[in-house]
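Trainee: structure for the following, please:
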Amino acid sequence: MYKFIPNDLQECLFVAFVYIGIHNYPPPSPERISDNIKDNLQIMIKEAIKNDNVVIFESIIQNIIKIMKYN
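Mentor: Numbers count the residues shown, from 1 in each chain. Alright, predicted model coming up:
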């Protein structure tokens with residue numbers, strides 16, 4: 001996994017993850033994500049970077065599922 005994190009997250013609010021290899025999960029939905037889910041995901045990523053700079057795909061998916069259950 002490669003992650004690209006901008007030096008200034010306030011100026012550039014995007015983080016990119018590149019996974020190489022065989023994946024056993026379905027591709028993402030072509031639908032637009034609601035702003036509430038997107039905001040929560042950005043907060044989660046920022047907190048993970050601030051805490052220990054370790055973000056794994058499974059933890060992101062688990063948190064997205066939690067967020068979607070409450071929205």
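Trainee: dihedrals phi and psi, residue 18?
Mentor: phi -120, psi 120 (degrees, to the nearest 10).
Trainee: count residues in the vicinity of it, would you?
Mentor: Using other Cβ atoms under 10 Å, residue 18 has 8 neighbouring residues. Any C-beta I mention is one placed from the backbone N, CA and C, and that applies to glycine too.
Trainee: same question for residue 40.
Mentor: 19.
Trainee: and it, what's its pLDDT?
Mentor: You'll see residue 40 listed with a pLDDT of 81.
Trainee: next, it: secondary structure please.
Mentor: helix (DSSP: H, G, I helix; E, B strand; the rest coil).
Trainee: tell me the contacts of residue 13?
Mentor: Going by Cβ atoms under 8 Å, 6 or more residues apart in numbering, residue 13 touches residue 42.
Trainee: for it, report the pLDDT, please.
Mentor: 82.
Trainee: helix or strand for it, which one?
Mentor: For residue 13, there is no host helix or strand (DSSP states H and E).
Trainee: got the phi and psi for it?
Mentor: Main-chain dihedrals, residue 13, degrees, to the nearest 10: phi -90, psi 20.
Trainee: if I look at it, how far off is residue 45?
Mentor: The gap separating residue 13 from residue 45 is 10 Å, by Cβ to Cβ, to the nearest Å.
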